[in-house]
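Participant: Provided below are the primary sequence and the corresponding predicted coordinates.
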Protein chains: 2
Amino acid sequence: METITENQKLKVAKKIKKMFGHMKRSEMEYCPIRDVMALASDKWSILIILYLGYYPVLRFNQLKKKVYGISNKVLSERLKVLESDGYLSRTLYPEVPIRVEYELTDFGHSYLQKILDLSEWVTTYSDQIMANRKKYANAQG
Amino acid sequence: METITENQKLKVAKKIKKMFGHMKRSEMEYCPIRDVMALASDKWSILIILYLGYYPVLRFNQLKKKVYGISNKVLSERLKVLESDGYLSRTLYPEVPIRVEYELTDFGHSYLQKILDLSEWVTTYSDQIMANRKKYANAQG
DNA sequence: CAGAATCCGCGAGGATACTG
DNA sequence: CAGTATCCTCGCGGATTCTG
């Protein structure tokens, strides 16, 4: 683990102040950043976005198979939210039977890249985290 | 919104394959990345980490005041998890009355920087997301 | 096929009181 | 002061059935 200098810590503090400093404590509850993140950072949404990043376009039931274990209800809910926020597009083909295709928007792709960045970071440190967890568990008995 | 090229999309797909391709679908449920993320990306944990990034060291009740609205139970739970995973350190001073201080580890600082990166991205696009949301809501009636 | 509707369980999280 | 211990509720998410 590379050590973080005092200077870097100061920079971070400054950045936090810039980003959140203008907010009152009671407003932090409704912080737009958390609001935005909350809707697209849950377990199912991330999986949906990952699969749509891997397979360019997927239909409802295809997604349901890929996103192992998700229910109809939750899948359609998440898709609505993700469409509403602009992460993906929904295209309906009025054939018989009906066909609906989902794919990431440019915005969705942009988000996906951020997620992958974070995932890489997590991957780098996950062993260390697991070790920490074990050590802590043993220390607690 | 800058357009994303087909080439970039391919790169992303490749990266996804590299990171997740070796996993079976049923294993995605227990993906270590999601496991790690889940514990440190919830609403309260992020606030705790943010405040500890801004104030170098805080005691239990100080945190409780800063992290507006959190309950005793949840705060102590989150602190345990975050300590267990190595994001922060807990130092107990056996005075009377007792004193306990929390502060970020280097690892926690590293995570904080990732969070801030993501926040900056969200900030850049939050207006657009809100606009999308409104447009979608109106379209649905 | 792509969802909507309904019902239900359970577990995270809140409020409060208590303790070393 | 720094947390436990309890109790309770409320809403997410799962399973199933139904429909255009």
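Facilitator: Now that the structure is in, tell me what you want to look at.
Participant: which residues of chain A lie near DNA strand D?
Facilitator: Contact residues, chain A versus DNA strand D (CB under 7 Å from any atom of the strand): A:42-44, A:69-74, A:77, A:97-98. For every residue, glycine as well, the C-beta is placed using N, CA and C.
Participant: so who does A:Ile16 touch?
Facilitator: Contacts for A:Ile16 (CB atoms under 8 Å, 6 or more residues apart in numbering or on different chains) come out as B:50, B:53-54, B:116.
Participant: and the residues you listed, which of them are in strands?
Facilitator: Residues of the contacts of A:Ile16 located in strands (DSSP state E): none.
Participant: need the max-distance pair from the residues you listed.
Facilitator: B:Tyr54 and B:Leu116 (11.1 Å; CB to CB).
Participant: just the pLDDT for the residue positioned nearest the centre of chain A.
Facilitator: In chain A, the centroid-proximal residue (CA atoms, centre = their mean) is A:Ser41; its distance is 3.0 Å. Looking at A:Ser41, its pLDDT stands at 79.
Participant: I'd say it and B:Ser41 touch.
Facilitator: Yes - the pair A:Ser41 / B:Ser41 is scored as a contact, 5.9 Å apart, by CB atoms under 8 Å.
Participant: can you pull out the low-pLDDT segments for chain A?
Facilitator: Along chain A, segments meeting pLDDT under 70 span A:1-2, A:26, A:29-30, A:141.
Participant: buried residues, the longest helix that chain A contains. List them.
Facilitator: Counting by DSSP state H, the longest helix found in chain A is helix A:106-140. Buried residues in helix A:106-140, counted by 16 or more other CB atoms under 10 Å in any protein chain shown: A:107-116, A:118-119, A:121-122, A:125-126, A:129, A:132-133.
Participant: identify the residues contacting the residue nearest to the centre of chain A.
Facilitator: By CB under 8 Å, 6+ apart, the contact set of A:Ser41 is B:37, B:41.
Participant: hmm, 6 Å instead?
Facilitator: By CB atoms under 6 Å, 6 or more residues apart in numbering or on different chains, the residues touching A:Ser41 are B:Ser41.
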